[in-house]
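> Predicted structure and sequence below. I'll ask about it afterward.
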Amino acid sequence: MLNIKQYLNSEFCLECKECCRFEADIWLPHLLKADEKALGIACVKAKKSSESSLICKFLEEAEHKCRVYERRPFECALYPFLLVRRNGDLDLVVHLGCPYILNNVNTKEFEQYAEYLSQALLEPDNFKLYAQEQDKFHSYPDVELFLIKKNLLSNR
Ligand code: SF4
């Protein structure tokens, strides 16, 4: 499993309740081989929420808790940061749809965390999780993203 310090605290996320619910299933986590092994499945499916939007099938809707939190996929552990594949490169970005990020992206604290994360993703135990499976990552063309590190792997 991805080994990084989390940027957001869980209290904020549990109040916000935007994650793991989506309009389109492009936001479902794309599983890497390590995720498939940990979860024993080949893909994560969506189901209808009580409000009829989509939610991840692992989301406990009433409590807004992930039922597989300790084994959650790489992309879930990384979010609201994302690895995106663009023009053959794997870029590290952050999703401005996260309200906490939107309010903090210009702070020193964010800048320091972004630098930490860029390095942490290149640590051998993290790197081996995704480096051979770059084709699994998407480009999210119509999503508001903030670029942190272009072509992350060139920094290794
Ligand atoms: S696996 Fe867990 S963290 Fe990931 S989208 Fe589903 S409920 Fe959310």
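In hand now; what should we look at?

> which residues sit in contact with Ile148?
81, 91-94, 114, 117-118 (C-beta atoms under 8 Å, 6 or more residues apart in numbering). Backbone N, C-alpha and C define where each C-beta goes, glycine included.

> With secondary structure as added columns, please give the residues you listed in TSV.
What follows is these, written out as TSV (DSSP: H, G, I helix; E, B strand; the rest coil):
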residue	secondary structure
Phe81	strand
Asp91	strand
Leu92	strand
Val93	strand
Val94	strand
Ala114	helix
Leu117	helix
Ser118	helix
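
> Please give me every residue in contact with the nearest residue to Phe22 once chain neighbours are set aside.
Distances taken as C-beta to C-beta, 6 or more residues apart in numbering place Leu54 nearest to Phe22, at 5.4 Å, with adjacent residues excluded. Neighbour list for Leu54: 21-25, 46-48 [criterion: C-beta under 8 Å, 6+ apart].

> residues from this structure in reach of the ligand?
Taking C-beta under 6 Å from any ligand atom as the contact definition, the chain meets the ligand at 19-20, 29, 44, 56, 58-59, 66, 68, 72-73, 76.

> how does it look with 8 Å?
Within the chain, the positions near the ligand by C-beta under 8 Å from any ligand atom are 19-20, 27-29, 44, 55-60, 65-69, 72-73, 75-76, 79.

> Mind checking which of the residues you listed are buried?
By neighbour count, with 16 or more other C-beta atoms under 10 Å, the residues of the chain next to the ligand hold 19-20, 27-29, 44, 55-56, 58-59, 66, 68, 72-73, 75-76, 79 as buried.

> among those, which are in strands?
Among those, the residues falling in strands (DSSP state E) are 55-56, 59, 66.
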